[in-house]
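> Fold the following and give me the result.
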Amino acid sequence: MSRIGKNPVVIPDGVIVTMDGNKLTAKGKRGELSFLTADEIETVISDNEVTVKPRGNGKRARTMWGTTRSLVENMVVGVSEGFTKTLEIQGVGYKAQAQGKKLVLSLGFSHDVDFPVPEGIEIKTPQPTQVDITGSDLQKVGQVAAEIRAYRPPEPYKGKGVRYAGEHILRKEGKKK
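Residues are numbered from 1 along each chain as shown. This next block holds a predicted model:
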């Protein structure tokens with residue numbers, strides 16, 4: 001029995017959730033998201049909550065039960081509040097600057113890195129060493145943050161590079177004489 005799957009997803013005010021066959025759609029102030037549910041999962045919308053149940057007792061039905069419930073909750077929260085990931089840049093001369101639909105990163109390479117901002121994602125740089133990534137789709141926000149971090153992940157000796165806010169980097173001791 002799924003501990004996550006049996007909890008209903010509460011629909012906040014201002015969010016409309018509709019079901020059309022296997023397609024679940026959520027509309028809110030931050031946009032519209034849709035998701036195709038698995039055939040083994042039954043989704044019921046009643047009052048102000050969405051309930052997810054497995055249709056059978058097979059392994060796939062049980063595995064998709066909690067996953068579907070989490071995806072539905074992420075959709076509902078995304079269209080009502082949105083998601084934000086913050087990246088920190090550390091290193092001498094390392095900086096970021098949002099310019100329209102691209103992010104310009106100076107990360108110690110011989111050239112600046114231009115990162116095109118995908119649709120549905122908003123990038124702000126309140127400080128030259130901080131990048132805020134905001135959007136309604138949690139998966140897309142996390143993917144964009146991971147792609148930006150991959151340009152220069154933090155190195156273990158001085159900790160220079162792009163890291164998630166609050167991320168702890170295991171440091172190594174340098175050479176000894």
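
> which residues are in contact with stretch 163-173?
Stretch 163-173 has contacts (C-beta atoms under 8 Å, 6 or more residues apart in numbering) with 85-88, 90, 130, 145, 149, 153-154, 156-157, 159. The way it works is simple: take the backbone N, C-alpha and C, and place the C-beta from them, glycine included.

> should've said stretch 141-154
If you take C-beta under 8 Å, 6+ apart as the criterion, stretch 141-154 is touched by 83-85, 87, 90-91, 94, 103, 105, 107-108, 113, 115, 117-118, 121, 123, 131, 133-135, 160-164, 167, 169.

> can I get the contacts of stretch 163-173 in CSV with secondary structure?
Output for the contacts of stretch 163-173, formatted as CSV (DSSP: H, G, I helix; E, B strand; the rest coil):
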residue, secondary structure
K85, strand
T86, strand
L87, strand
E88, strand
Q90, strand
Q130, strand
A145, helix
R149, helix
P153, coil
P154, coil
P156, coil
Y157, coil
G159, coil
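
> what comes up buried for stretch 136-148?
By neighbour count with 16 or more other C-beta atoms under 10 Å, stretch 136-148 contains the buried residues 136-138, 140-141, 144-145, 148.

> how far does it sit from the chain's center?
5 Å (C-alpha atoms, centre = their mean, to the nearest Å).

> Report the backbone C-alpha coordinates of it in PDB.
What follows is stretch 136-148, C-alpha atoms only, in PDB (Å, rounded to 0.1, in the frame of the first residue of the first chain):
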ATOM      1  CA  SER A 136       5.500  26.200 -13.200                       C
ATOM      2  CA  ASP A 137       6.900  22.800 -14.300                       C
ATOM      3  CA  LEU A 138       9.100  21.400 -11.500                       C
ATOM      4  CA  GLN A 139      10.900  18.900 -13.900                       C
ATOM      5  CA  LYS A 140      11.800  21.700 -16.300                       C
ATOM      6  CA  VAL A 141      13.000  24.000 -13.600                       C
ATOM      7  CA  GLY A 142      15.300  21.300 -12.200                       C
ATOM      8  CA  GLN A 143      16.500  20.400 -15.700                       C
ATOM      9  CA  VAL A 144      17.500  24.000 -16.500                       C
ATOM     10  CA  ALA A 145      19.300  24.300 -13.100                       C
ATOM     11  CA  ALA A 146      21.200  21.100 -13.800                       C
ATOM     12  CA  GLU A 147      22.200  22.200 -17.300                       C
ATOM     13  CA  ILE A 148      23.600  25.500 -16.000                       C
END
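
> which residues touch K23?
34-37 are the contacts of K23 under C-beta under 8 Å, 6+ apart.

> From L33, how far out is it?
11 Å (C-beta to C-beta, to the nearest Å).
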